[in-house]
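>>> This is a predicted model, with the sequence first.
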Amino acid sequence: MEVFDSPPDIDAQWLSRDSTLVAPDLIGCTLVRQMPDGTLLRGLIVETEAYGLNDPAMHAYRRATARNQVMFGEPGITYVYLIYGIYHCLNVVTDRATVPSAVLIRALQLETMPDWIDPQQQLKPQRVAAGPGKLCRAFKIDLTLTGMPLLPGQALWLEHRDFQFQQQLDQGKSSLVQTTRIGLTQGIDLPWRWYLSNCAAVSRKG
DNA sequence: TGTAAGATCCTA
DNA sequence: AGGATCTTACAT
């Protein structure tokens, strides 16, 4: 029988590029969450947004603060923040140190349903991680996970696209859509959002 | 110390 | 269209 190797993990070197280059490349990659008890959760990244220099929507646009300081650090580190007092959002820090930039992970297509998700929920399974706040809730990502290295064996890490996904893209059977970012009051015209077309797990179309 | 806004989500 | 809910950032 055929054996498929798991795609290689994503390293800091690969993330050491402009966030607008990393964001589309992360579509189709996998986010892996390891719980304290060793349980593994996996989700396909289907929607991302880039935040970077000279971007008024970027949290460190004005100055470095206690919250955003990890964005000035090395690539391959998490940046988690709390929004509206309720939801957490997960970013991957990109580019070289001293350049504040990150990619917001906006939606995941889950491989398996976490135990703590109530199946009685009216929510369709495909929508459980369809949004930056929802995916952090599904994966139990909170402020304790900010500033952590994305490395295998840690709480979170990333894996490259598998061969099948890349082939679907190359053959035009699926494609990426690039649009403006969601929920902003500044930098609203920058086309720095990408999502997988024809995917039910994307937070919203257009 | 006070205050206003926020890279969201759910309900009506 | 509006409310939940509270941290953060910046002004005073």
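That came in fine, so what should we check first?

>>> got the phi/psi numbers for residue A:136?
Backbone geometry at residue A:136, expressed as degrees, to the nearest 10, gives phi -70, psi -40.

>>> Which parts of chain A are helices?
A:12-15, A:19-26, A:132-138, A:163-170 (DSSP state H).

>>> if I look at the closest residue to residue A:116 other than its chain neighbours, how far off is residue A:9?
In this structure, residue A:116 finds its nearest non-sequential neighbour in residue A:140, 7.7 Å apart by CB to CB, 6 or more residues apart in numbering. From N, CA and C alone the C-beta is placed, and that goes for glycine too. As judged by CB to CB, to the nearest Å, residue A:140 and residue A:9 stand 21 Å apart.

>>> what bridges to the residue nearest the centre of chain A?
Centroid-nearest residue in chain A, with CA atoms, centre = their mean: residue A:105, separated by 2.3 Å. Applying DSSP bridges to residue A:105 yields these beta-bridge partners: residue A:48.

>>> is it true that it touches residue A:45?
Yes - Residue A:105 is within contact range of residue A:45, at 6.0 Å (criterion: CB atoms under 8 Å).

>>> Now do the shared contacts for the two.
Counting by CB atoms under 8 Å, 6 or more residues apart in numbering, the common neighbours of residue A:105 and residue A:45 are A:26, A:31.

>>> Can you report how many residues neighbour whichever residue of chain A sits closest to DNA strand C?
Distances between chain A and DNA strand C by CB to the nearest atom of the strand are smallest at residue A:85, namely 2.3 Å. Using other CB atoms under 10 Å, residue A:85 has 5 neighbouring residues.

>>> do the one 4 residues further on as well
Burial of residue A:89 is recorded as 19 neighbouring residues (other CB under 10 Å).

>>> what's the spacing between the residue of chain A at minimum distance from DNA strand B and residue A:57?
Going by CB to the nearest atom of the strand, DNA strand B is nearest to residue A:183 of chain A, at 1.9 Å. To residue A:57, residue A:183 is 9 Å away according to CB to CB.

>>> Of the two, give the one with the bigger neighbour count.
Neighbour totals were compared for residue A:183 and residue A:57, and residue A:57 leads with 17 against 12 (other CB under 10 Å).

>>> hmm, back to that, enumerate every residue touching the residue of chain A closest to DNA strand B.
Contacts of residue A:183 (CB under 8 Å, 6+ apart): none.
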